[in-house]
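S.K.: sequence and predicted model, in that order:
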Amino acid sequence: MSRGHRLRTAVLISGRGSNMTALIEAARAPTFSADVSLVLSNDPAAAGLEFAKRMGIAVAAVDHRIYASREDFERSMDVLLDIHRIEFLCLAGFMRLLTPWFVGRWQGRMINIHPALLPAYKGLNTHARALADGVKIHGCTVHFVVPAVDDGPIVAQAAVPVVTGDTAKTLGQRVLTQEYRIYPMALDLIASGSAVLENGLVHIRGSAGTDDRALIQPEN
Ligand code: GRF
């Protein structure tokens, strides 16, 4: 996907936008291969919009509640993405299910961050479910978006240890810290052309086997 210019990226949010913030901050480095050219929310009251605006990023809201159908809402978003000449999408806490039409339109050009080590713990409440199962390693995943929710080719993962006394909140915070590391890293790998989709899997160029650029391991 390397095109000799910074990949024009929109970050789609619904809420506080802390992953969005991590992406914006990473993209301030001149060596970063993507530019956060737009932050788009389905909720005009999303806290992340204010922050993005203060950072000088173009923002927009498309309120899903005023549309008759999911696809009508997405078509409006798509018009905005087109106006801003967006080439790539990062979902960052974007809480709307996407139709096959929208996913098809952006397939191979849209990634998401999920707070679990996929394919384990798709869906919501991932930290509480991981704790209830007694897993010792949890984490987060950046993946390309496909029609099935929380599925699709994995770009990067970070593993996080579960420690004695963890609650969903403490574990979630430890995972979130890693989300802020791997989401910008994954975007840069793709935008620079280092991570490429091949036959439904992500291949990291110049690596044979596991690539430590795509896997962050526990720190303790
Ligand atoms: C994060 O936990 C992310 O993994 C999930 O939604 C949450 C978004 O949080 N997809 P924020 O809005 O980025 O702070």
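M.R.: Happy to help now that I have it. Residues are numbered from 1 along each chain as shown.

S.K.: need the longest helix for this protein.
M.R.: helix 168-191 (DSSP state H).

S.K.: pull the CA atoms of it into CSV?
M.R.: The C-alpha coordinates for helix 168-191 follow below in CSV (Å, rounded to 0.1, in the frame of the first residue of the first chain):
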residue,chain,number,x,y,z
ALA,A,168,-12.0,-6.3,34.4
LYS,A,169,-11.0,-2.7,35.0
THR,A,170,-7.3,-3.3,35.9
LEU,A,171,-6.9,-5.9,33.2
GLY,A,172,-8.7,-3.7,30.7
GLN,A,173,-6.3,-0.8,31.6
ARG,A,174,-3.3,-3.0,31.1
VAL,A,175,-4.7,-4.1,27.7
LEU,A,176,-5.5,-0.5,26.7
THR,A,177,-1.9,0.5,27.3
GLN,A,178,-0.9,-2.1,24.7
GLU,A,179,-3.6,-1.0,22.3
TYR,A,180,-2.0,2.4,22.2
ARG,A,181,1.2,0.7,21.1
ILE,A,182,0.0,-1.8,18.5
TYR,A,183,-2.7,0.3,16.7
PRO,A,184,-0.3,3.0,15.5
MET,A,185,2.3,0.3,14.8
ALA,A,186,-0.1,-1.7,12.7
LEU,A,187,-1.3,1.3,10.7
ASP,A,188,2.3,2.3,10.0
LEU,A,189,3.2,-1.3,8.9
ILE,A,190,0.3,-1.3,6.4
ALA,A,191,0.7,2.3,5.2
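
S.K.: mind starting the numbering at 53 from now?
M.R.: Noted, 53 is the first residue going forward, which turns the last one into helix 220-243.

S.K.: ok, and does it reach over to the ligand?
M.R.: Yes - for helix 220-243 and the ligand, the contact criterion (CB under 6 Å from any ligand atom) is met by Glu231. The C-beta positions use only the backbone N, C-alpha and C, and glycine is treated the same way.

S.K.: what is the rounded mean pLDDT of that helix?
M.R.: Mean per-residue pLDDT for helix 220-243: 98.

S.K.: any idea how far that helix is from the middle of the chain?
M.R.: Helix 220-243 sits 9 Å away from the centroid of its parent chain (CA atoms, centre = their mean, to the nearest Å).

S.K.: list the buried ones in it?
M.R.: Neighbour counts over helix 220-243 (16 or more other CB atoms under 10 Å) mark 223-224, 226-228, 230-232, 234-243 as buried.

S.K.: ok, now stretch 204-218?
M.R.: Under 16+ other CB under 10 Å, the buried positions of stretch 204-218 are 204-212, 214, 218.

S.K.: quick one: which of these is nearest the ligand?
M.R.: Proximity of the buried residues of stretch 204-218 to the ligand (CB to the nearest ligand atom) peaks at Ala210, which lies at 11.1 Å.

S.K.: in three-state terms, label the closest residue to the ligand within the chain for me.
M.R.: Nearest residue of the chain to the ligand: Gly145, at 2.6 Å (CB to the nearest ligand atom). On the three-state scheme (DSSP: H, G, I helix; E, B strand; the rest coil), Gly145 is labelled coil.
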